[in-house]
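Chemist: please work out how this folds:
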Amino acid sequence: MGIIGTIVVGFIVGLIARALHPGRDQMGIIMTIVLGIGGALLAKYVGQFLHFYSEGQSAGWIASIIGAIVLLVIYGMVKRNTASS
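Modeler: So this is what the prediction gives:
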């Protein structure tokens, strides 16, 4: 998949993750794309570590969305800690 395909998939995964995650996230379109791509990468490497995926195999849509939600939770925790400091 080319860079344009990666951006489109990252945007879709990021939008779905933001819709499923409760709460209000103030992110722009670029951060949504980065969130989706990061979630897919997180799912891929965790899946390879747990032997769900073989080397060179990418994560599926559901795993990518779960990875993006995990990143959203981590982002919310970091944002909350820096706001209270």
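
Chemist: element containing T6, please.
Modeler: helix 3-20 (DSSP states H and E).

Chemist: please identify the buried residues of that helix?
Modeler: Residues 7, 9-18 are the ones in helix 3-20 that count as buried (16 or more other Cβ atoms under 10 Å). Bear in mind the C-beta positions are built from the backbone N, C-alpha and C, glycine included.

Chemist: counting contacts, what elements does the helix or strand just after that helix pack onto?
Modeler: Per DSSP H and E, the first helix or strand lying C-terminal to helix 3-20 is helix 29-49. Judged by 3 or more Cβ pairs under 8 Å, 6 or more residues apart in numbering; DSSP states H and E, the packing partners of helix 29-49 are helix 3-20, helix 61-84.

Chemist: tell me what the shortest one is packed against?
Modeler: In terms of contacts (3+ Cβ pairs under 8 Å, 6+ apart), helix 3-20 is packed against helix 29-49, helix 61-84.

Chemist: the longest one vs helix 3-20, what angle?
Modeler: Translated: helix 61-84. On the basis of axes from the mean of the first three to the mean of the last three Cα atoms, to 10 degrees, helix 61-84 is oriented at 70 degrees to helix 3-20.

Chemist: list the contacts of helix 61-84.
Modeler: If you take Cβ atoms under 8 Å, 6 or more residues apart in numbering as the criterion, helix 61-84 is touched by 9, 13-14, 16-18, 20-21, 23, 25, 35-36, 38-44, 46-47, 52, 59.

Chemist: count of neighbours near the residue lying closest to H21 once chain neighbours are set aside?
Modeler: Nearest residue to H21, sequence neighbours excluded (Cβ to Cβ, 6 or more residues apart in numbering): L72, at 4.7 Å. Neighbours of L72 under the rule other Cβ atoms under 10 Å: 22.
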